[in-house]
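S.K.: next comes the sequence, and after it the predicted model I'd like to discuss.
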There are 2 protein chains.
Amino acid sequence: MITAIGFDADDTLWHNETIFEEYHRRFQALLARYHDPKTVERALYATEMRNLDLFGYGVKSFALSSIETAIELTGGSIPSEELRALVQMARDMLAHPVELLDGATETVGLLAGGYRLLVITKGDLRHQERKFQRSGLANIVAHCDVVSEKDNATYARVLARHGIAPEDFLMVGNSMRSDILPVLALGGHAAHIPYPLVWAHEESAAPAGCARFHELANLRELPALLDRLRA
Amino acid sequence: MITAIGFDADDTLWHNETIFEEYHRRFQALLARYHDPKTVERALYATEMRNLDLFGYGVKSFALSSIETAIELTGGSIPSEELRALVQMARDMLAHPVELLDGATETVGLLAGGYRLLVITKGDLRHQERKFQRSGLANIVAHCDVVSEKDNATYARVLARHGIAPEDFLMVGNSMRSDILPVLALGGHAAHIPYPLVWAHEESAAPAGCARFHELANLRELPALLDRLRA
């Protein structure tokens, strides 16, 4: 009997990867004199993966890795004046307005009456908190847990803190790796709602033959799924 | 009757500002060809304050602000190769071993039997969590709350989440602004333990004539204070 629902935030409640995508294109443009876009992308991703354990997720990590990549890919010859654009990029991304996904406010509002709702998101603490506040969803959802990694241990800790048994919990998100697989592993339920863009790091295969796993096309399908599960 | 104790972490349980100080000196050395140390410091602090609301606290914010300041202070003429040192600086700071303050482990261990203990720290989520794990204190203290700002609202939220009444709570920390004043404002108790270095942003005057405020010379004095308060 599901009594609590966790929502991923980036690319589940509000757009995120589309914003990153735009800055990836700007980064490629900045380095277009030196390298083709594919080489730039590959190098940036390699830097991000190398730095991930120390830097963690989020815009500031992305900005530092992009600065490092730009210096590396140009053998140190990129004028530092041009790197200033990458610090400005971080500021622009952090200040970017929150753009909710279609149906987010209505669906969350509809479910608030019948379920305990949490937002569980990873990334930069201050940035995620600010987006949650600006999204308007803080008026409907009581808790926003910003975590540094979304693995089994993290979900176990968050659910324990809220006194929620995994079998009573459904997680909703776009990332198989971060939102779906760890929750299923704990014995919880998960609804996957794909987003058109996926950061390579988040890619993972769908779980096979698990009755607690559900695939939805968009957020508006969530209330009907919950009704079916209750029936 | 105090039943719960909150510990600030940076410069209360482990050294932090001494590490920042070292990287400030490295930053001054990097720019010594262009400007005197005072000018460099002033410019860096101004950049940090301008970026604080968007970037928040922590090493990655410091690194981005130092990169921006280096470009500004040299009119864009610093070779980008030299900026690479500032990204490396961020990695070094994030990987820096945790150096506990004298008496931290013993004092926390001594109090664990009689009080609920929390660590409440602001800054980069992943970095603070990693330091908490590496400090060895995670074996003694059940909760580490990393927050994006330490103001009245944050303390009220953290205490409510743990079901702790402010009048039963004592916060221990080195920053008047972040550890002492907000907790006193909520009706809680606070013990200030100065650290030899204070980041300018954290400076604030001591509260005047508040019986719930206590000044200690070091962590080892904390158990005796608690005994006195219980008597």
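M.R.: Perfect, I can see it now.
S.K.: only C-alpha atoms for contact and neighbour calcs from this point on.
M.R.: OK.
S.K.: return the residues of chain A in contact with chain B.
M.R.: By the rule C-alpha under 8 Å from any C-alpha of the partner chain, the part of chain A lying against chain B is A:54-56, A:60-61, A:64, A:68, A:71, A:75-81, A:83-84, A:87, A:91, A:94-95, A:124-127, A:147-148.
S.K.: which of those residues are buried?
M.R.: Among the residues of chain A next to chain B, those classed as buried by 16 or more other C-alpha atoms under 10 Å in any protein chain shown are A:54-56, A:60-61, A:64, A:68, A:71, A:76, A:78-81, A:83-84, A:87, A:91, A:94, A:124-127, A:147-148.
S.K.: restricted to helices, list the residues of chain A next to chain B.
M.R.: A:54-55, A:60-61, A:64, A:68, A:71, A:80-81, A:83-84, A:87, A:91, A:94-95, A:125-127 (DSSP state H).
S.K.: could I get the full set of helices for chain A?
M.R.: Applying DSSP H to chain A gives helices spanning A:17-30, A:37-55, A:59-73, A:80-95, A:104-112, A:125-135, A:152-162, A:181-185, A:222-230.
S.K.: return the most buried member of those.
M.R.: Comparing these by mean neighbour count (mean count of other C-alpha atoms under 10 Å in any protein chain shown), helix A:59-73 comes out on top with a mean of 24.
S.K.: who touches that one?
M.R.: A:27, A:31, A:34-35, A:40, A:43-44, A:47-48, A:51-52, A:55, A:76-78, A:83, A:86-87, A:89-90, A:93-94, A:124, B:55, B:60-61, B:64, B:80-81, B:84, B:87 (C-alpha atoms under 8 Å, 6 or more residues apart in numbering or on different chains).
S.K.: now with 6 Å, please.
M.R.: If you take C-alpha atoms under 6 Å, 6 or more residues apart in numbering or on different chains as the criterion, helix A:59-73 is touched by A:44, A:47-48, A:55, A:90.
S.K.: so what's the residue in chain A sticking out farthest from the centre up against?
M.R.: Distance from the C-alpha centroid of chain A, by C-alpha atoms, centre = their mean, peaks at residue A:77 (34.0 Å). Residues near residue A:77 by C-alpha under 6 Å, 6+ apart: none.
S.K.: which one of the contacts of helix A:59-73 sits closest to residue A:203?
M.R.: Nearest to residue A:203, judged by C-alpha to C-alpha, of these is residue A:48 at 15.3 Å.
S.K.: give me the nearest residue to the closest one, chain neighbours excluded.
M.R.: Excluding the flanking residues, the one nearest residue A:48 by C-alpha to C-alpha, 6 or more residues apart in numbering or on different chains is residue A:65, at 5.7 Å.
S.K.: returning to that earlier point: now for the contacts of helix A:59-73, which pair is the farthest apart?
M.R.: In terms of C-alpha to C-alpha, those reach their longest pairwise distance at A:47 and A:90, which sit 16.6 Å apart.
S.K.: what's the angle from the lengthiest strand in chain A to helix A:125-135?
M.R.: Ranked by residue count, the top strand of chain A under DSSP state E comes out as strand A:116-122. Here the directions of strand A:116-122 and helix A:125-135 differ by 140 degrees (axes from the mean of the first three to the mean of the last three C-alpha atoms, to 10 degrees).
S.K.: what does strand A:116-122 rub up against?
M.R.: The contact list for strand A:116-122, computed with C-alpha under 6 Å, 6+ apart, reads A:4-9, A:141, A:143-148.
S.K.: can I get the buried part of those as one PyMOL selection?
M.R.: Only the buried entries of these go into this PyMOL selection, using 16+ other C-alpha under 10 Å:
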select buried, chain A and resi 4+5+6+7+8+9+141+144+145+146+147+148
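S.K.: what's the closest of the contacts of strand A:116-122 to chain B?
M.R.: The shortest approach to chain B among the contacts of strand A:116-122 belongs to residue A:148, at 5.3 Å (C-alpha to the nearest C-alpha).
S.K.: got the contact list for that closest one?
M.R.: A:122, B:126.
S.K.: for stretch A:60-77, what is the distance to the chain centroid?
M.R.: Stretch A:60-77 sits 23 Å away from the centroid of its parent chain (C-alpha atoms, centre = their mean, to the nearest Å).
S.K.: hang on, I meant stretch A:16-23
M.R.: Worked out by C-alpha atoms, centre = their mean, stretch A:16-23 lies 12 Å from the chain centre.
S.K.: also stretch A:14-28?
M.R.: On C-alpha atoms, centre = their mean, the centre of stretch A:14-28 falls 13 Å from that of its chain.
S.K.: tell me the pLDDT at the closest residue to residue A:44 other than its chain neighbours?
M.R.: Among residues not flanking residue A:44 along the chain, residue A:69 sits closest, at 5.7 Å (C-alpha to C-alpha, 6+ apart). On pLDDT, residue A:69 comes in at 98.
S.K.: please apply the same query to residue A:202.
M.R.: The per-residue pLDDT reported for residue A:202 equals 76.
S.K.: which residues does the nearest residue in space to residue A:143 that is not next to it in sequence bridge with?
M.R.: Once flanking residues are discounted, residue A:143 sits nearest to residue A:118: 5.1 Å by C-alpha to C-alpha, 6+ apart. Beta bridges link residue A:118 to residue A:6, residue A:143, judged by DSSP bridges.
S.K.: same question, the one 4 residues further on
M.R.: Each beta-bridge partner of residue A:122 is listed here: residue A:147, as defined by DSSP bridges.
S.K.: what's around it, how many residues?
M.R.: For residue A:122, the neighbour count with other C-alpha atoms under 10 Å in any protein chain shown is 20.
S.K.: how close does residue A:166 sit to chain B?
M.R.: Distance of residue A:166 to chain B, computed by C-alpha to the nearest C-alpha, to the nearest Å: 20 Å.
S.K.: mind listing what that residue touches?
M.R.: Contacts for residue A:166 (C-alpha under 6 Å, 6+ apart) come out as A:187-188.
S.K.: let's see it at 10 Å
M.R.: Taking C-alpha atoms under 10 Å, 6 or more residues apart in numbering or on different chains, we find residue A:166 in contact with A:2, A:4, A:155-156, A:159-160, A:183-189.
S.K.: what's the closest of those to residue B:193?
M.R.: Comparing these against residue B:193 with C-alpha to C-alpha places residue A:160 closest, at 33.4 Å.
S.K.: pLDDT added to the contacts of helix A:59-73, as CSV?
M.R.: Below are the contacts of helix A:59-73 laid out as CSV (pLDDT from 0 to 100):
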residue, pLDDT
A:44, 97
A:47, 98
A:48, 97
A:55, 96
A:90, 94
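S.K.: and which of those is nearest chain B?
M.R.: Ranked by distance to chain B (C-alpha to the nearest C-alpha), these are led by residue A:55 at 7.6 Å.
S.K.: wait, that closest one sits on residue B:130?
M.R.: No. Judged on C-alpha atoms under 10 Å, residue A:55 makes no contact with residue B:130 at a distance of 11.1 Å.
S.K.: what do those two both touch?
M.R.: B:94-95, B:124.
S.K.: could I get the residues you listed as JSON lines with distance to chain A and pLDDT?
M.R.: Listed next are the shared contacts of residue A:55 and residue B:130 as JSON lines, based on distance: C-alpha to the nearest C-alpha, whole Å; pLDDT from 0 to 100:
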{"residue": "B:94", "distance to chain A": "6", "pLDDT": "96"}
{"residue": "B:95", "distance to chain A": "7", "pLDDT": "96"}
{"residue": "B:124", "distance to chain A": "7", "pLDDT": "93"}
